[in-house]
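Asker: Dropping the sequence and predicted coords here.
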Amino acid sequence: MIMKLFSNSSRSRERFLEAILQSAIEYAIISMDLSGLVTTWNEGARRILGWDETEIVGKPAAVIFTQEDLQAGILEGEMAAALAEGHGNDERWHVRKDGSLFWASGQMMALTSDEGEVEGFVKILRDQTDQRENEERQRVLMHELSHRIKNTLAVVQAITTQSFRNASSMEDAEQAISARINAYSKAHDILLQQNWLGTTMATIIEATAINLGLETSGRFKASGPAVELGPQAALAFSLVLHELVTNANKYGALSQDTGTIKIEWSVREESGDKRLSFSWREAGGPAVEAPRKKGFGCRLINSSLSSFGEIVVDYAPTGLILKLDASLEKLQYKTYSDAEE
């Protein structure tokens with residue numbers, strides 16, 4: 001086999017070089033003639049690409065390239081670069097015998113005779129799929145982290161600005177900012193425990209109740225099926241629920257001993273789309289009147305939830321009612337990149 005490459009070498013040298021080729025199992029080393037037919041195929045090529053030597057020798061080396069690269073003339077381009085520059089770089093997807101793809105890194109070089117005439121090419125490549133996937137994951141994570149930091153800073157800025165704008169005193173502003181950022185922080189803690197993949201609606205509601213000392217109160221009831229929320233939706237619901245409970249404590253159902261809050265949610269199928277129906281209902285508190293102007297809480301509720309679906313706020317005399325009809329798919333986006341798409 002090696003005689004095709006080193007026809008003027010001694011037999012012992014041929015065996016030595018063949019042993020080197022076959023021992024390089026982490027590298028696919030493939031030689032081909034000027035027409036692109038495979039002439040040698042080492043053990044590394046068999047392990048990486050899947051074909052046995054007897055199956056592939058004499059066949060076109062083009063079989064390891066994707067159809068897109070073949071149509072783009074990548075193989076011919078590598079050969080031309082090998083002839084003109086001494087090597088042609090190979091950083092692309094390749095095809096295994098079973099049709100699966102792997103990311104290869106390597107080079108193609110020209111093979112010349114003792115007289116300097118080009119007799120063929122040798123292609124050396126290595127499977128770098130794991131490294132590429134790790135790099136891609138890191139790129140996505142950095143992109144995601146950038147979005148989260150910007151989003152968090154924007155929320156904190158909005159909380160600070162609006163809390164000052166709507167506060168009657170510096171003390172009120174300080175308390176409002178502290179409480180809102182604390183609620184936002186608690187939601188982040190929950191998401192971090194889940195590797196930022198999201199959490200459930202029940203977990204967010206339970207955290208809100210605990211944060212405000214309502215976990216054992218029979219006046220604060222929540223029920224619904226298990227529903228997963230993506231990071232954005234989880235943070236949004238955390239802020240919204242904090243505002244609703246705070247408002248209920250000050251002016252609504254929880255401001256009187258007889259008042260109650262009931263949170264309910266359900267999932268339904270509608271035209272092939274799963275949708276979440278969420279409701280917040282207050283009862284037993286003082287008579288409710290619609291506010292003359294919208295405060296920060298109202299604006300936060302609308303801005304936080306409107307991107308997921310349709311919000312209806314009813315200032316019924318018997319108690320505030322909030323309803324959300326939202327796409328479950330939107331609520332379950334895992335990343336900011338997904339949401340942008």
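Answerer: Here it is on my side, so go on.
Asker: What residue, apart from its backbone neighbours, is nearest residue 32 spatially?
Answerer: Spatial nearest neighbour of residue 32, chain neighbours left out: residue 61 (4.7 Å); criterion: CB to CB, 6 or more residues apart in numbering. Glycine gets a C-beta too; all of them are placed from N, C-alpha and C.
Asker: Please apply the same query to residue 90.
Answerer: residue 106 (4.5 Å).
Asker: I'd say the one you found and residue 94 touch.
Answerer: No - using CB atoms under 8 Å, residue 106 is not in contact with residue 94, being 9.5 Å away.
Asker: list the residues that contact both of those two?
Answerer: residue 125 (CB atoms under 8 Å, 6 or more residues apart in numbering).
Asker: how about residue 115, secondary structure?
Answerer: coil (DSSP: H, G, I helix; E, B strand; the rest coil).
Asker: Report pLDDT for it.
Answerer: pLDDT recorded at residue 115 is 80.
Asker: Next: the one 4 residues further on.
Answerer: With respect to pLDDT, residue 119 has a value of 87.
Asker: Helices along the stretch 51-200 of the chain, start to end?
Answerer: 53-56, 67-71, 74-85, 129-166, 170-193 (DSSP state H, counting those that start in this stretch).
Asker: got the CA positions of the first one in CSV?
Answerer: Going back to what we said before, that points to helix 53-56. Coordinates of the C-alpha atoms in helix 53-56 are reproduced here as CSV (Å, rounded to 0.1, in the frame of the first residue of the first chain):
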residue,chain,number,x,y,z
GLU,A,53,-10.0,0.3,3.6
THR,A,54,-11.4,-2.4,1.3
GLU,A,55,-14.6,-0.5,0.9
ILE,A,56,-13.2,2.9,0.0
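Asker: Against which helices or strands is that helix packed?
Answerer: strand 38-41, helix 43-49 (3 or more CB pairs under 8 Å, 6 or more residues apart in numbering; DSSP states H and E).
Asker: Can you tell me which of the ones you listed is nearest to residue 232?
Answerer: helix 43-49 (41.0 Å; CB to CB).
Asker: now that closest one: how far from the chain's centre is it?
Answerer: With CA atoms, centre = their mean, to the nearest Å as the basis, helix 43-49 stands 32 Å off its chain's centre.
Asker: Just the C-alpha atoms of that helix, please, in CSV.
Answerer: Taking C-alpha atoms only, helix 43-49 is exported to CSV below (Å, rounded to 0.1, in the frame of the first residue of the first chain):
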residue,chain,number,x,y,z
GLU,A,43,-6.9,3.0,10.7
GLY,A,44,-7.6,6.5,11.9
ALA,A,45,-9.7,7.2,8.8
ARG,A,46,-11.6,3.9,9.4
ARG,A,47,-12.4,4.9,13.0
ILE,A,48,-13.3,8.5,12.2
LEU,A,49,-15.2,8.0,8.9
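Asker: neighbouring contacts of it?
Answerer: Helix 43-49 has contacts (CB under 8 Å, 6+ apart) with 21-30, 51-53, 56, 64, 94, 96-97, 102, 125-127.
Asker: quick one, what contacts the residue nearest to residue 90?
Answerer: 27-28, 90, 123-126.
Asker: so what's it bridging to?
Answerer: residue 90, residue 125 (DSSP bridges).
Asker: now it: how far from residue 285?
Answerer: 72 Å (CB to CB, to the nearest Å).
Asker: try residue 68
Answerer: For residue 68 relative to residue 285 (CB to CB), the value is 65 Å.
Asker: try residue 37
Answerer: Applying CB to CB to residue 37 and residue 285 gives a distance of 85 Å.
Asker: With neighbour numbers in mind, choose between those two.
Answerer: residue 285 (21 against 16; other CB atoms under 10 Å).
Asker: Surely the more buried one forms part of a strand?
Answerer: No - Residue 285 is assigned coil when assessed by three-state DSSP, not a strand.
Asker: My read is that it contacts residue 256, right?
Answerer: Yes - counting by CB under 8 Å, residue 285 touches residue 256, with 5.2 Å between them.
Asker: Just the buried ones from the contacts of helix 43-49?
Answerer: By neighbour count, with 16 or more other CB atoms under 10 Å, these hold 21-22, 24, 27-30, 51, 56, 64, 94, 102, 125-127 as buried.
Asker: Just give me the closest of the residues you listed to residue 179.
Answerer: Among those, and counting by CB to CB, the member closest to residue 179 is residue 102, at 52.7 Å.
Asker: In this model residue 92 seems to touch the closest one, though I could be wrong.
Answerer: No - counting by CB under 8 Å, residue 102 sits too far from residue 92 to count as a contact (10.2 Å).
Asker: Show me where the stretch 151-300 of the chain dips below the pLDDT cut-off.
Answerer: 151-163, 165-167, 180, 183-197, 211-212, 295-297 (pLDDT under 70).
Asker: same thing but at 90, please
Answerer: Counting by pLDDT under 90, the stretch 151-300 of the chain contains low-confidence residues at 151-200, 203-220, 229-252, 254-258, 270-273, 288-300.
Asker: where do the strands sit along it?
Answerer: 199-200, 220-223, 228-229, 260-270, 273-283 (DSSP state E, counting those that start in this stretch).
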